[in-house]
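> pasting the sequence and the predicted model now:
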Amino acid sequence: MRFTHTCLVIGLLAFAPTLATAQERDIYNYVGQAKAGKDVKKIVFIADAGTHGGKGNHEFKAGAVYMARVLNAQYSNVHAVVYKSSNWPKDVSHADSVIVLLNHGGKAATDKSIKAAVERGAGFMAIHYGVEVNKGEQGDNFLKYMGGFFEPFWSVNPHWTAKIETIPEHETTRGVKPFAINDEWYFHMRFVPDMKGVTPVLSALPDLKIISKNPSMRGGNEAVYEAVKAKKAQHLAWAYVRPDGGRGFGFTGYHNYNNLTDDSFRTLLLNAAAWTAKLDVPSGGVPTKTPTKDEMEKLYQDGLRIP
């Protein structure tokens, strides 16, 4: 009887650390992440609480939940958490990477805590509308953080099918194959001088018909019109290594939620998130299965329940 009881206790003790680890790395355990040791990579997602159009557009909360869960599952030394923008984190200075999915990145660009994290060497990644900020202080900071940004009256944001025919060799492109996807792909970004430190990751040539030569905030201007007319490839996603060795990444797609079901699209997002935190990206990319329709719906519902 004593032997059986002892074995049971030993068994429970052996199993307890696994349970504790799972609880400690919950995507809403903000305190636990901040207190985690130096050997744990801390990734902070901030997703916009608002929407942009009907269901299936700008589902940033669902996307952030998905990415954080995958990273926690695939890396034993990662603790990723998700905040919604209406519960903006007060302090992310401990983060190893900050990833924003926002309806305009201005708040992230001027957040003192994010700046402190980046200056400490943390990575920074902005997705879709999160890459847009205003010219001036916001733009200058994004150039420092990730090497480029969407500048109104310079960059454009049409919906179009980008045909990605060539995939460059880079840690973030492991497992990514040529693909074509309709999205609100932004282009004609404002980059650092001579694109020093910038590696274009996704590039394509848009149809001239989708932009205007007439100046407008996001629809066109003479500079972008002439660039596309001259058949200059436009960069839709890019990796950036800062002078201090910190990493940034800009990804202009992900207006359409369902694009997460494209294997190359999804893999690049996850690879980039891992890379900005200086994690090793597997040779085949961060592994995942294609989410089913039911799984996508559950993620959407989970996104609605972020604290």
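Right, received. Where do you want to start?
> so which bits of stretch 128-141 are buried?
Using 16 or more other CB atoms under 10 Å as the test for burial, stretch 128-141 gives 128-134, 138-139, 141. To be clear about C-beta, it is placed using only N, CA and C from the backbone, and glycine gets the same treatment.
> double-check that A126 belongs to a strand.
Yes. A126: assigned to a strand according to DSSP: H, G, I helix; E, B strand; the rest coil.
> what is the neighbour count of it?
When neighbours are defined as other CB atoms under 10 Å, A126 has 28 of them.
> now it: how far from P243?
19 Å (CB to CB, to the nearest Å).
> what of L101?
In terms of CB to CB, L101 sits 26 Å off from P243.
> tell me which of those two has more neighbours.
Using other CB under 10 Å as the criterion, L101 and P243 rank with L101 on top: 27 against 9.
> just the pLDDT at the residue nearest to the more buried one when sequence neighbours are not counted, thanks.
Using CB to CB, 6 or more residues apart in numbering and skipping the chain neighbours, the partner closest in space to L101 is F60 (3.6 Å). Here, the pLDDT recorded for F60 equals 98.
> cool, and the one 10 residues further on?
Here, the pLDDT recorded for V70 equals 98.
> burial measure for the residue nearest to L101, as a count.
The tally of other residues near F60 (other CB under 10 Å) stands at 30.
> which ones are touching it?
By CB atoms under 8 Å, 6 or more residues apart in numbering, the residues touching F60 are 47-48, 101-103, 127-128, 254, 303.
> how about the strands in this structure?
Taking DSSP state E, the strands of the chain run over residues 41-47, 78-84, 97-101, 123-127, 148-149, 160-164, 179-183, 190-191, 198-204, 234-241, 247-251.
> tabulate these (JSON lines), appending distance to S283 and mean pLDDT.
Shown next, in JSON lines, are those (distance: least, CB to CB, whole Å; pLDDT from 0 to 100):
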{"stretch": "strand 41-47", "distance to S283": "19", "mean pLDDT": "98"}
{"stretch": "strand 78-84", "distance to S283": "18", "mean pLDDT": "98"}
{"stretch": "strand 97-101", "distance to S283": "21", "mean pLDDT": "98"}
{"stretch": "strand 123-127", "distance to S283": "21", "mean pLDDT": "99"}
{"stretch": "strand 148-149", "distance to S283": "27", "mean pLDDT": "98"}
{"stretch": "strand 160-164", "distance to S283": "20", "mean pLDDT": "98"}
{"stretch": "strand 179-183", "distance to S283": "19", "mean pLDDT": "98"}
{"stretch": "strand 190-191", "distance to S283": "29", "mean pLDDT": "98"}
{"stretch": "strand 198-204", "distance to S283": "17", "mean pLDDT": "98"}
{"stretch": "strand 234-241", "distance to S283": "17", "mean pLDDT": "98"}
{"stretch": "strand 247-251", "distance to S283": "19", "mean pLDDT": "99"}
